[in-house]
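>>> Next comes the sequence, and after it the predicted model I'd like to discuss.
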Amino acid sequence: MMEKLDFSIQPQLENETVYLIPLKEADWSDLYAVAADPKIWEQHPNKDRWQEQVFSVFFNGAIQSKGAFKIVHKSTGKVIGSTRFYGYDEQKSIIFIGYTFYATKYWGKGINLQVKKLMLDYIFHFVSKVHFQIGAENTRSQIAIGRLDAEKIGEEEITYFGESPKLNFIYEIQKKVWFNKSSSALF
């Protein structure tokens, strides 16, 4: 049974490897230092997001969402990326996780899986489904979401904050499936 109470879509979360800390305006330079790498955005719907002016629009959207995090690696204390909760629908008991990116140095090291597990373990106390919008060309993220056993449930044109519409695939993880997988060998 889901808890029926107010909750924050921007709590501070942590595990043994990372902190998810609510994103603040003061985090601009640390986060842009990560985001300025064009390789990060090669498969994303907006491939120019590494440019300061374009990233500024993205960052402003993150701040306005009131659900964005900077991801800090515990052992180094360095900002290594960002993610967020957004699009909460209380009636449908759904929230989205997305807008995630990491410094390339942390790709293939299990960080994304750890971050998503942290977020899903928290948010499934309050919702029954989590959706992900992933760019149709972003095979890297599609593979990553597959590792979480998310199910592709649709395709739609999505207009990201301050950007033009792009085709995205919609994936879903249901609470009951997540907790069944989470207690098995997935992690």
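Now that the structure is in, tell me what you want to look at. Residues are numbered from 1 along each chain as shown.
>>> need the strands for the protein, in chain order.
With DSSP state E as the criterion, the chain has strands at 13-14, 18-22, 68-73, 79-89, 94-102, 129-135, 151-159, 165-174.
>>> okay, these in TSV with distance to Tyr122 next?
C-beta: built from backbone N, CA, C; applies to glycine. Shown next, in TSV, are the strands of the chain (distance: least, C-beta to C-beta, whole Å):
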stretch	distance to Tyr122
strand 13-14	6
strand 18-22	9
strand 68-73	11
strand 79-89	9
strand 94-102	11
strand 129-135	11
strand 151-159	21
strand 165-174	13
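>>> Pipe those strands into CSV and attach mean neighbour count per row.
Listed next are the strands of the chain as CSV, based on neighbours: other C-beta atoms under 10 Å:
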stretch, mean neighbour count
strand 13-14, 15
strand 18-22, 19
strand 68-73, 23
strand 79-89, 20
strand 94-102, 20
strand 129-135, 22
strand 151-159, 12
strand 165-174, 17
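>>> Asn112 is nearest to which of these?
strand 94-102 (6.6 Å; C-beta to C-beta).
>>> Paired strands for the closest one, with orientation please.
With DSSP bridges as the test, strand 94-102 is paired with strand 79-89 (antiparallel), strand 129-135 (parallel).
>>> Just give me how far the shortest one sits from the chain centre.
Between the centre of strand 129-135 and the centre of its chain there are 9 Å (C-alpha atoms, centre = their mean, to the nearest Å).
>>> Equivalent analysis for stretch 28-37, please.
With C-alpha atoms, centre = their mean, you get 16 Å for stretch 28-37.
>>> Now it: average pLDDT?
Stretch 28-37 carries an average pLDDT of 97.
>>> list the buried ones in it?
31-32, 34-35 (16 or more other C-beta atoms under 10 Å).
>>> Quick one, grab the pLDDT at Phe187.
We note a pLDDT of 47 for Phe187 in this prediction.
>>> Kindly report the same for Ile111.
For Ile111, pLDDT reads 95.
>>> Over to the one 3 residues further on?
Predicted confidence (pLDDT) at Gln114: the value is 95.
>>> swap in Ser184?
53.
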